[in-house]
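A.B. asks: Predicted coordinates and the sequence they were generated for:
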Amino acid sequence: MSASPRQVILGAHFPGVNNTTVWSDPASGSHIAFDSFRRFAQAAERGRFDFLFLAEGLRLREQKGQIHDLDVVGRPDTLPVLAGLAAVTEHLGLAGTINATYNEPYEVARQFASLDHLSAGRAAWNVVTSSDAFTGENFRRGGYLPHDQRYVRAEEFVRAAKTIWDSWSGEEPDPFEYRSTQFSIEGRFNLPRPPQGHPVIFQAGDSAEGRDFAARNADAIFTRHSAGEEGRRFYADVKARAERYGRDPDSLKVLPGISFIIGDTDQEAEEIAAEVRAQQVSGQTAILILERLWNRDLSGYDPEGPLPEIDPDPDGPQLFAGRTRQHDDVHAEVATLRRISAEQGLNLRQTVIATQARQSLIGSPATVAQQIIEAVKTRVSDGFILVPHITPAGLDPFVDKVVPLLQERGALRSEYPQGALLRDLLGLGVPGSPCGGGAETGAQALSPQVSLSH
Amino acid sequence: MSAAQAEGIPPAQTFHLGIGLQDTGWHPGSWFRIPGAQEIFTSQYWADLALAAEAGGLDFVTFEDSLGLQRHGQLDASLVASWLGARTSKIGLIPTLTTTHTEPFHVSKNLATLDHISAGRAGWQVEVSRTEAESRLFGRDRPPAELLPEDSEPWLAELYAESEQAVEVVRRLWDSWEDDAEIRDAATGRFVDREKLHYIDYQGSRFSVKGPSITPRPPQGQPVVSYQGTSEPVIKAAATSADLLFVEAPQRSLAGELLKTVRETERIFGRSGAPLQVYADLTVLVEDSDENAQFRWAGLEEANGSDWSPAGELVAGSAAAVADVVAIYQDLGFAGVRLKPAEHARDLSSIAELLVPELARREIFTPVDEPQQLRRRLGLGEAPNRHSAEQKHHDAALVGDAA
Ligand SMILES: Cc1cc2nc3c(=O)[nH]c(=O)nc-3n(C[C@H](O)[C@H](O)[C@H](O)COP(=O)(O)O)c2cc1C
């Protein structure tokens, strides 16, 4: 008998506002109604997942000066949805994305402390820094921060929140104080320390600054690097960073987002996958995806014709707003597309389908379970955040068919431990009770490796 | 359809009953009579209270809140309400959200989401943060030195004027999606009709907000907006931007005056649409007899170590005694009363089990027995979207009439 494999961490990402989500399928339900969230969460809990995950964007996306209308548009507010889900689930972690640029630490600390109390210790906060003048137009701050400043703010924001959470650990709240380059706040908190001490901290960002931020402050990283050598490199990189900051690398979990297609056989799964890709990438969407890459208006091109011969214009005025940067080297990416199109004789839309939209896990339940166990075993990741393409039932095939195999192989719990905190599910320690006063200053807080730019 | 409705006569104004919740109850002595101090930070505690109120058929509950520390601490009221939105099915949920240090964009989607979760039972009690201590939680420098002290009239006037701007932004964001904006038109590949999404382009003195909201229009269109208080800035803010106003009349004889002031303020500021519904706040302790009520009240005073009385009217008595007072406020022309239980642990159930049946027997109040949107329950009428074709047509006709 072989020893149990490494435990797999599983998150369930509620389908989002990009073309991965197929809204035109007859099975696709509301993205707004609470019932969709309830059903999705209850499926995840039935599958003994660690947590549910909600993304957030604080302005509707636009392209070429108009609201983007081809994908799902709109979502309910993250924290109220998670609070509602706390009432209809019992064990599932509840992770929400909240921006550090367009919020203030005291208010966010209070909201996550409230969620952690309401859910008896199941809250997680994905700290994102997306910031541009476009999104800023919805807020008092109005402006935005340059890239390096954003992470300085995010780091100080998280440290301020931790200071606030720690300030009421006895019978009564102690005064807290936090001073740094971005904040100068003080007072008394009106909630006792959350059940988890600190809600679990996620980070989703890819730059060196983002990775360092995670290595210093986060419990888990949500990443796009999900496969093979690329994933392994990313994994090794962030774990090494965590070690460099004096942390146990195992205390920072690496969790790639991943899409999946399950069929009765590998063959059937491949067929379904091809159909879904065609749903995900209509002719219009194919043009749009290339426009994002090219940063040019390509509406004159035929999706069933060849790739645009014109060169991309990454340094021109940005046509797309409210969207995470996806490509580091646009010219190299375009060259790859041209090569694939030429080699395989693919038209514009087919090229996009072949290169942009491939699901990561495709196969029979046994194949997919094996891929997951293997990825975790070979240190590509510590688990996955699954991104289904159908709301709300998209998780069901995985829960019904793959989860039992993961459980059989000993890679996933069969029952939740009674009264477990999310930190317990994830194998994370609970931050020790603070000793001494709750005062911290930014100068002490930031390690010497961070250069503050002014 | 009744004969009255058929003839276009509006049904008799029904009288409404809500409950105001604040940690363990409004009498400070209630704090000392709960099993454990941590209890108020659990979901179960709030579930028990809200479910008792719902079982009693009350119209709504309000949740006090503030960013700063008051009394014993408080979970974020909006998140408590969203938790309850998923666990209750009939009762209106009106959390306090403050406007002084928050972002109207966040407040708007928070309440819209509560409305989605609760299938149209959301309301908002608008509050401001007046203290320097709260400003320091945000590293802000308010009130400015020239407006000190914290409770000065000019400072309050500024805070409430700002809150009116916040309400305006929130309301416009609620309307920034038309109800039928989501089209899922497979033929053209469009998920939304972008013509039905609207920038609000709000430019005020304290903030400017572009819009549209990221959250589609809430089921009620416009969740119920309320203020509480009797100062001039509060009444003005409520008269210009709210649906409900909660007032604590210092003496019953002044309650009628207060109503007159509200109507006068509405006239001065040219309120359009339905008049503000004014609710009297009534602190209550309900028992099966006056003697038992007096006895429990004395126990609360003793636990507290000193005498306490609320700013508004107080009744500690049998259901009949409390109902007598409620009836007086109905006669005075109030839209309803908001009961502030002296001690939640006891009074939620005694209100539901003793007082409500007494009010129902006297035909003062009809308990809620089926799910209904809060606006409808309170008789506030539909909230047409300012951008919808019919509404634009309607507005144009009004302008035409005036010309
Ligand atoms: C997998 C992944 C998911 C993300 N999800 C969100 C999100 O839901 N909302 C958001 O505002 N930003 C999101 N981001 C953006 C990041 O928070 C970050 O702002 C962005 O990646 C830029 O930082 P970087 O330069 O360090 O990558 C996400 C990023 C990644 C890689």
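C.D. replies: Sure thing, it's come through.

A.B. asks: Let me know the pLDDT of B:P35.
C.D. replies: We have a pLDDT of 85 for B:P35.

A.B. asks: now do A:L446
C.D. replies: Predicted confidence (pLDDT) for A:L446: 38.

A.B. asks: Same check on the one 5 residues further on?
C.D. replies: pLDDT, A:S451: 30.

A.B. asks: do the same with B:A403
C.D. replies: Model confidence at B:A403, given as pLDDT, is 38.

A.B. asks: same thing with A:G442?
C.D. replies: Per-residue pLDDT puts A:G442 at 38.

A.B. asks: repeat for A:W23
C.D. replies: On the pLDDT scale, A:W23 gets 95.

A.B. asks: Could I get the average pLDDT for whatever helix or strand B:N110 lives in?
C.D. replies: Applying DSSP states H and E as the criterion places B:N110 in helix B:104-117. Taken as a whole, helix B:104-117 carries a mean pLDDT of 98.

A.B. asks: Whatever helix or strand comes next after that helix to helix B:104-117, inter-axis angle?
C.D. replies: Using DSSP H and E, the helix or strand that follows helix B:104-117 in sequence is strand B:123-127. Note on geometry: by axes from the mean of the first three to the mean of the last three CA atoms, to 10 degrees, strand B:123-127 and helix B:104-117 are set 150 degrees apart in direction.

A.B. asks: Direction included, what does strand B:123-127 pair against?
C.D. replies: In the sheet, strand B:123-127 lines up against strand B:92-98 (parallel), strand B:224-228 (parallel) (DSSP bridges).

A.B. asks: of all the ones you listed, which gets the most neighbours per residue?
C.D. replies: Mean neighbour count (mean count of other CB atoms under 10 Å in any protein chain shown) peaks for strand B:92-98 among those, with a mean of 26. For every residue, glycine as well, the C-beta is placed using N, CA and C.

A.B. asks: Is B:A280 bridged to anything, and to what?
C.D. replies: Residues in beta-bridge contact with B:A280 (DSSP bridges): B:V247, B:V337.

A.B. asks: Next, the contact list for the residue of chain B found nearest the ligand, please.
C.D. replies: At 11.1 Å from the ligand, B:I214 is the closest residue in chain B, using CB to the nearest ligand atom. B:I214 makes contact with A:57-60, A:74-75, B:109, according to CB atoms under 8 Å, 6 or more residues apart in numbering or on different chains.

A.B. asks: Which of the three states applies to it?
C.D. replies: coil (DSSP: H, G, I helix; E, B strand; the rest coil).

A.B. asks: ok so, going back, tell me which of the contacts of B:I214 fall in helices.
C.D. replies: Of the contacts of B:I214, the ones assigned to helices by DSSP state H are B:K109.

A.B. asks: tell me which of the contacts of B:I214 is nearest to the ligand?
C.D. replies: Comparing these against the ligand with CB to the nearest ligand atom places A:G57 closest, at 5.3 Å.

A.B. asks: quick one: secondary structure of the residue nearest to the spatial centre of chain A?
C.D. replies: Nearest residue to the geometric centre of chain A (CA atoms, centre = their mean): A:F222, 4.5 Å. Taken by three-state DSSP, the conformation at A:F222 corresponds to strand.

A.B. asks: lowest confidence element among the helices and strands of the chain?
C.D. replies: All of this is about chain A. Taking mean pLDDT, DSSP states H and E as the measure, chain A has helix A:442-445 as its least confident helix or strand, at a mean of 36.

A.B. asks: I'd say A:S180 and A:T163 touch.
C.D. replies: No. Contact criterion CB atoms under 8 Å: A:S180 and A:T163 do not qualify, at 10.1 Å.

A.B. asks: What ranges does the stretch 301-450 of chain A have for its strands?
C.D. replies: Under the criterion DSSP state E, counting those that start in this stretch, strands of the stretch 301-450 of chain A are mapped to A:320-321, A:361-363, A:383-386, A:438-441.
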